[in-house]
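*Asks:* when you get a sec, could you give me coordinates for this:
(6 chains)
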Protein chains: 4
Amino acid sequence: MERTKKGKSAKNRIVTAAWQLFHEKGYNGTTVDDIIALSGTSKGSFYYYFNTKDELLNTLSVILDDFYEELESRMNPDLNSFVKLLNVNYEAHKMIEENISIDLIASLYSTQLVSQGQRNLLDQNRTYYKFITRIVTEGQMRGQIRNDMSATEITKYFTMCERALVSDWCLSRGEFSLSEYSHKCMPVMLEHFKA
Amino acid sequence: MERTKKGKSAKNRIVTAAWQLFHEKGYNGTTVDDIIALSGTSKGSFYYYFNTKDELLNTLSVILDDFYEELESRMNPDLNSFVKLLNVNYEAHKMIEENISIDLIASLYSTQLVSQGQRNLLDQNRTYYKFITRIVTEGQMRGQIRNDMSATEITKYFTMCERALVSDWCLSRGEFSLSEYSHKCMPVMLEHFKA
Amino acid sequence: MERTKKGKSAKNRIVTAAWQLFHEKGYNGTTVDDIIALSGTSKGSFYYYFNTKDELLNTLSVILDDFYEELESRMNPDLNSFVKLLNVNYEAHKMIEENISIDLIASLYSTQLVSQGQRNLLDQNRTYYKFITRIVTEGQMRGQIRNDMSATEITKYFTMCERALVSDWCLSRGEFSLSEYSHKCMPVMLEHFKA
Amino acid sequence: MERTKKGKSAKNRIVTAAWQLFHEKGYNGTTVDDIIALSGTSKGSFYYYFNTKDELLNTLSVILDDFYEELESRMNPDLNSFVKLLNVNYEAHKMIEENISIDLIASLYSTQLVSQGQRNLLDQNRTYYKFITRIVTEGQMRGQIRNDMSATEITKYFTMCERALVSDWCLSRGEFSLSEYSHKCMPVMLEHFKA
DNA sequence: GATGAATGAGACTTCATTCAT
DNA sequence: GATGAATGAAGTCTCATTCAT
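*Replies:* Next comes the predicted model:
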């Protein structure tokens, strides 16, 4: 019992400290030493819980997935599925814009592009992918989304579009509003799939 | 002018050596020491011409722009402008797929996302951007591309789509063919702009 | 204590390698890369143990202090204290002349003059200073050394004289014998303190 | 004619700028680039007039020699020669302490210890050496300074003592007053030579 | 599970100095 | 005499990561 509690608190302390520092100093600006100093743990513990520093960044997808879970629960199920997709995109990008530092997202994308490990951004098992696939399937059954491509394919396309928008937002260093630009572009990008 | 010969040869030797090594060992696998050893120059010279190793990667856009210049010259000017855009995309992505290592493109994107310096990927003065804008403008005048958005906006959108495809190709580590996937997706992504 | 073996061996390997190289190629002729290559360690380790290359040079005082310790043990305690001082000087300068390269001593003095760090040459806690002070105090008690200045002051003066001789020996690039010249000058310089 | 004038002004501008910067930022803190920037000359010119940066530092001895020349002219010739020596020492060290940054003197000594070039500090042709030798010779003839050592030897000894004091002052980073300490020590160091 | 000393790798800096024009 | 682009040589820094205890 005490092992679990202690273990949890150690890992938790690391994650909490890390995210606090990431927000303050950015991902690359935060060193593992900073993290263990603030969390009151040690190098050894850090690498006991995480194989690499990058892995910490991956916990970002957990945060995002929590958001999607919450979003699904408060969404009107009867809404047109195509509109749902646009809504989901808008809400998510608004959240990212408002709550997550652009530097962190940029670091996440940058890291995933060159890392050897798993690439969460494309992990099909994420709540995110399942959520989008559900909407697409539903839309196809309801006749609100085109049927001539598989739900999986459409989901892949949709998520690529979202990554494109986020990626360009990062590249431009936030010179434009992510949610506004998504609001304008997504309908264009998805036009083809409207039934 | 009189110093061009020498100056060029020093900087050129570095760039040439760098790209040779990048192809052999990848970007991260190539050290600055490797580059100066192969080019027969020195750290001093390297950092005299480039502020960081990343800056070398930016010379990739020069290579690409050379390609676009050549592509434009061999393109049939009478082709439908919308089709031209699709062609340009296909040819470029085929070239990237065939001639440039995926690791290099991934490194370029990764670096540009977090670097402090200029971000060539978005530099509107590149031959690439001018070339695309020219086609779009021409298409609008010919009535082959929609008129309700400015040529600049459409170009921005087009290039974002291309980046999206390349980026996802990198993220998936080349599990699919970039040119094939682009061939399939671009018409969908651009559908809205066909007049 | 349990880590002593390993820790010592790493730092020790560096120090040993460094001094071997210093003797072979001189201080300035020895690069940090040479040192880590010979010691089989790394830049990281080097700068983990020493803040700068200069700091290594400071370990010379350890060597000297070892000598003084040994010298004290083999000295006849009943000898007149004033003579003792002259003896210590002569023996030390003979040892320096015979065993330590003039280039190393010159580098040590040169470095200490402009370095920001601690200046071992003047560190009052060195065995050397304590040893000299002991002789002076003893001499004062025995009535062999004048009493009208504190032992500390006399020690300071004595050591300055020694530094002067070594320094001039270095400046003249060993054109004269350090021990011979000291043998001639020290009695003159210390004359005032003979009781 | 214009060549001479221009040449002189170029070299002069370099020297003036250098010393201004040496006082502001210290010798090591001043780069050749700084000097040519302030003097409005060029790298090429700098190395046309000076073989190395160190050579600039040597111009310090010119400044000192000017001082000694001036000092000799305002000294009472009838003064006891032994006292003269003490006076010269005191006046010189007071001047150094008041007008020349300790960092510069330290750099001069440091550089001379390891430089390959000429070592002005020991250059017997300097006004300084000649001046001191003159006083010693005069004192020996007058019976005020001992005769059992050559004037050259005594001069060498005297100058070593002065260097010792300056050197220790630099090593201690000016923790004591150079002129005060010299005032106290020189009589002791020279005691032997008083006739 | 926890620790932190030690390591490895390589980027980057700094400047004095050289040399072709 | 003058210029400054180019060079060479090392020193230094930064960190993520490993491993023996």
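
*Asks:* for chain A, which residues are neighbours of chain B?
*Replies:* Residues of chain A lying near chain B by C-beta under 8 Å from any C-beta of the partner chain: A:28, A:103, A:106-107, A:109-114, A:119, A:121-122, A:157, A:160-161, A:163-165, A:167-168, A:170-172, A:185, A:188-189, A:191-192. Placement of C-beta: from N, CA and C, glycine included.

*Asks:* just checking, what's the longest helix in chain A?
*Replies:* Scanning chain A for the longest helix, with DSSP state H as the assignment, gives helix A:2-25.

*Asks:* got the buried residues for the next helix or strand after that one?
*Replies:* The C-terminal neighbour of helix A:2-25 among helices and strands, as given by DSSP states H and E, is helix A:32-39. Under the neighbour-count criterion of 16 or more other C-beta atoms under 10 Å in any protein chain shown, helix A:32-39 has A:Val32, A:Asp34, A:Ile35, A:Ile36, A:Leu38, A:Ser39 buried.

*Asks:* now distance to chain C too, for those residues, in TSV please.
*Replies:* Below are those laid out as TSV (distance: C-beta to the nearest C-beta, whole Å):
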residue	distance to chain C
A:Val32	15
A:Asp34	19
A:Ile35	20
A:Ile36	18
A:Leu38	23
A:Ser39	23
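
*Asks:* which ones, among the residues you listed, also lie beside chain D?
*Replies:* Among the buried residues of helix A:32-39, proximity to chain D is found for none (C-beta under 8 Å from any C-beta).

*Asks:* between these, which is nearest C:Thr137?
*Replies:* When those are compared for distance to C:Thr137 (C-beta to C-beta), A:Ile36 comes out closest, at 50.9 Å.

*Asks:* for chain A, what lies in contact range of DNA strand F?
*Replies:* Taking C-beta under 7 Å from any atom of the strand as the criterion, chain A approaches DNA strand F at residues A:28-33, A:43-44, A:46-47, A:51-54.

*Asks:* which ones are touching A:Ala195?
*Replies:* Taking C-beta atoms under 8 Å, 6 or more residues apart in numbering or on different chains as the definition of contact, the neighbours of A:Ala195 are A:Phe82, A:Gly139, A:Gln140, A:Gly143, A:Gln144, A:Ile145, A:Arg146, A:Asn147.

*Asks:* check A:Glu162 too.
*Replies:* Contacts were defined as C-beta under 8 Å, 6+ apart; by that measure A:Glu162 touches A:Asn89, A:Ala92, A:His93, A:Ser182.

*Asks:* the helix or strand hosting it to helix B:151-171, inter-axis angle?
*Replies:* In this structure, A:Glu162 sits in helix A:151-171 according to DSSP H and E. Going by axes from the mean of the first three to the mean of the last three C-alpha atoms, to 10 degrees, helix A:151-171 is angled at 110 degrees with respect to helix B:151-171.

*Asks:* what's the spacing between helix A:151-171 and its chain's center?
*Replies:* Taking the mean of its C-alpha atoms, helix A:151-171 sits 11 Å from the chain's own mean (C-alpha atoms, centre = their mean, to the nearest Å).

*Asks:* still on that earlier bit, got a PyMOL select line for the buried ones in the contacts of A:Ala195?
*Replies:* Restricted to the buried members of those, where burial is judged by 16+ other C-beta under 10 Å, the PyMOL selection command reads as follows:
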select buried, chain A and resi 82+139+140+144+145
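
*Asks:* just to revisit the earlier point, using a markdown table, lay out the residues of chain A next to DNA strand F together with distance to C:Glu153.
*Replies:* Shown next, in a markdown table, are the residues of chain A next to DNA strand F (distance: C-beta to C-beta, whole Å):
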| residue | distance to C:Glu153 |
| --- | --- |
| A:Asn28 | 56 |
| A:Gly29 | 53 |
| A:Thr30 | 54 |
| A:Thr31 | 50 |
| A:Val32 | 52 |
| A:Asp33 | 47 |
| A:Lys43 | 50 |
| A:Gly44 | 53 |
| A:Phe46 | 55 |
| A:Tyr47 | 56 |
| A:Asn51 | 63 |
| A:Thr52 | 61 |
| A:Lys53 | 58 |
| A:Asp54 | 63 |
